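Enquirer: Structure for this input, please:
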Amino acid sequence: GTLIYWNIGPKGSEEPSAKIPYAHDMAIWDMKWHPAGHLLATGSNDRQTKFWARNRPGTKQGLDDDGLDAYDGSGGGGDNAEILHAEMELGNHVGIVIGRRGATIIAMQRQTKTKMHVDQIRRVLQIEGTARQIETVKKRVGALLERVSTENEERGPMGGGF
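Expert: Numbering: from 1, shown residues only. Below is the predicted model of the structure:
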């Protein structure tokens, strides 16, 4: 899930104060601020609790001019790369890409810093990220599917004659 928060009150604005795409691999269920306002804990459907830090309110030390830590969400060195959408056909290997309890796709999202969704009806993997991230995902998923296909060929047809 994406983490977004706003400053409210007289100095607040309609624009978010911070936005962290892919903060969690799945939906964020709960969040709680530290009483001093510099730590945020988030809990997610991905069974992780994460802690986010910023300077204490009123201090500017270590922050950019706008008071927020620099993060562009591209996962690629701050070059503000454009976020793209792509699809990859999975055929009969939808379950392989999802993995047991979603472990395969969740691990791949973390490693590549992309957002992915398997459309089980259309049998495609939907990918959201920079061009470089999408290319990496396609290579990794392609290698996984190739390995599965090779293993299936080596085993031969199931239920062969004895």
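
Enquirer: mind checking the end-to-end distance for stretch 39-53?
Expert: End-to-end span of stretch 39-53 (CA to CA, to the nearest Å): 5 Å.

Enquirer: mind listing what's buried in it?
Expert: Using 16 or more other CB atoms under 10 Å as the test for burial, stretch 39-53 gives L40, T42, S44, D46, K50, W52. Every C-beta, even on glycine, is put in place using the N, C-alpha and C of the backbone.

Enquirer: Verify the stated contact: K50 with L39.
Expert: No. The criterion here is CB atoms under 8 Å, and K50 misses it with L39 at 10.9 Å.

Enquirer: Rounded mean pLDDT for the helix or strand hosting E135, please.
Expert: Using DSSP states H and E, E135 maps to helix 131-155. Averaged over helix 131-155, pLDDT sits at 85.

Enquirer: Run the chain-centre distance for it.
Expert: 19 Å (CA atoms, centre = their mean, to the nearest Å).

Enquirer: Surely K50 forms part of a strand?
Expert: Yes. Counting by DSSP: H, G, I helix; E, B strand; the rest coil, K50 is part of a strand.
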